[in-house]
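> Please work out how this folds:
(one chain, ligands or ions: 2)
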Amino acid sequence: MLTLATLLLLSSWSAAVAEWVRDARPLMGTEVSVHLWSDEPEAGQRALEDVFDEAARIDRLMSTYKDESEISEINRVAADRPVAVGNELFGLIQRSLDISVLTLGAFDITYDSVGQHYDFRSRQRPDADTVESELANIDYRYVRLDRAAGTVCFQKQGVRINLGGIAKGYVVERGVEILRKHGIENAIVTAGGDSRLLGDRRGRPWVVGIRDPRNDGQVAISVPLADEAISTSGDYERYFDEDGTRYHHIIQPSTGNPASGVHSATVFGPDAVFTDALSTSVFVMGVDKGLTLIATLPDYESIVIDSNGNVYYSDGLQQPEAESFE
Ligand code: ADP
Ligand code: MG
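Ligands and ions are numbered 1, 2, ... in the order given. Sure, this is the predicted structure:
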């Protein structure tokens, strides 16, 4: 029989071991972080390591910065002959092409024929002639998938693909799946601007901050969420300013130049792969077209900050009191 003293001891013991575990690593050219609640911290730590391993594995497969990645092989030879690709990469390319159709070409993984000429750290950008000639290689319809053969090919020399606008969403979605298998029920997995939340923060929602696009380190809007994904695309992530123009990493496929008119686009909903691609898409489409698209997707909502600092909410969101006038 348990005595009262034993019971007290047991309850204080279990309170001492269950705890929040968190860590962050530089991965995929950004920071990947995991924050989880575990009844047993050592098991929590193992779950967290599995998520980082998974992010590194996906990066080895999908990074255009790694010569040995499957995607680099595609970019080297797919214009000459069909290349066999694994199911995972095939699936993500397929989803990217579907999202291109949905966004009328705003989301386009072939942006990279222009994108490859940028190096934001060394303030390098393509000149107007390069943009013009590479623009001819931007069109997702040049990417052909053969499901039966499991191959991808490009219909034009010079076409390149890059999954930078969707791969981080995939990483956080996979990360949460792994945590679920470990029995974790409350967690947040983040890769750069993409987060996937598992459960809530033990009785309270997670609160995700949308950055003030022009005030480093300041939060413009806080969004309480549980069991959802949230992605933000901003012109402050990778950029340099030159003669009053901001050159950043989100390319308008119709011009080959960085998209203008928006400072940041946030999308939330059930699936991080989709919120990642949609945040990039809404950024490219601009406030009106972007929010019109979001209105057609019942489970997804969006908050856009335009280049004048005005904030726009999709129809399904209630505007905070402070933002409504009169
Ligand atoms: P972040 O990488 O900061 O999370 P995004 O999710 O918006 O931001 O992704 C931006 C990345 O998407 C760029 O760095 C580039 O790799 C890729 N990209 C840029 N323009 C496009 C586009 N029009 N369609 C698809 N991907 C794009
Ligand atoms: Mg994105």
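
> Confirm Val207 sits in a strand?
Yes. Assessed by DSSP: H, G, I helix; E, B strand; the rest coil, Val207 belongs to a strand.

> residues in contact with the nearest residue to Leu297 once chain neighbours are set aside?
In space, and not counting its chain neighbours, Leu297 is closest to Gly269: 7.2 Å by C-beta to C-beta, 6 or more residues apart in numbering. C-beta coordinates here come from the backbone N, C-alpha and C atoms, glycine included. For Gly269, the residues meeting the contact criterion (C-beta atoms under 8 Å, 6 or more residues apart in numbering) are 228-229, 275, 278, 297, 299-301.

> What's the separation between Phe283 and Asp243?
Relative to Asp243, Phe283 is positioned 23 Å away (C-beta to C-beta, to the nearest Å).

> Just want to know which of these two has more residues nearby.
Taking neighbours as other C-beta atoms under 10 Å, Phe283 and Asp243 compare with Phe283 leading, 28 against 4.

> what packs against the helix or strand where that one lies?
According to DSSP states H and E, Phe283 maps onto helix 272-295. Other helices and strands packing on helix 272-295, by 3 or more C-beta pairs under 8 Å, 6 or more residues apart in numbering; DSSP states H and E, are helix 87-102, helix 167-181, strand 194-198, strand 229-234, strand 262-269, strand 301-306.

> Tell me how many other residues surround the residue in the chain positioned nearest to ligand 1.
The chain approaches ligand 1 most closely through Gly164 (2.1 Å), counting by C-beta to the nearest ligand atom. A count of neighbours around Gly164, defined by other C-beta under 10 Å, yields 22.

> repeat for Ser100
Counted with other C-beta under 10 Å, residues neighbouring Ser100 total 22.

> Skip the chain neighbours and tell me the closest residue to it.
Excluding the flanking residues, the one nearest Ser100 by C-beta to C-beta, 6+ apart is Tyr140, at 4.0 Å.

> can you check Leu102 too?
Per C-beta to C-beta, 6+ apart, closest to Leu102 is Leu293, 7.5 Å.

> Distance-wise, check the one you found relative to Ala136.
Using C-beta to C-beta, Leu293 is found at 26 Å from Ala136.

> what about these two, which has more around it?
The residue with more neighbours, out of Leu293 and Ala136, is Leu293; 21 against 12, by other C-beta under 10 Å.

> Would you check that that one makes contact with Met285?
Yes. The criterion here is C-beta atoms under 8 Å, and Leu293 meets it with Met285 at 6.4 Å.

> Between the two, which contacts overlap?
Thr103.

> Those residues of the stretch 51-200 of the chain touching ligand 1, which are they?
107-109, 111, 115, 162, 164-165, 168, 192-194 (C-beta under 6 Å from any ligand atom).

> Swap in 8 Å and give it another go.
Residues of the stretch 51-200 of the chain found near ligand 1, taking C-beta under 8 Å from any ligand atom as the criterion, are 96, 100, 106-109, 111-112, 115, 162-166, 168-169, 191-194.

> residue ranges for the helices of the stretch 1-150 of the chain, please.
Using DSSP state H, counting those that start in this stretch, the helices of the stretch 1-150 of the chain run over residues 4-17, 41-62, 70-77, 87-102, 112-115, 128-135.
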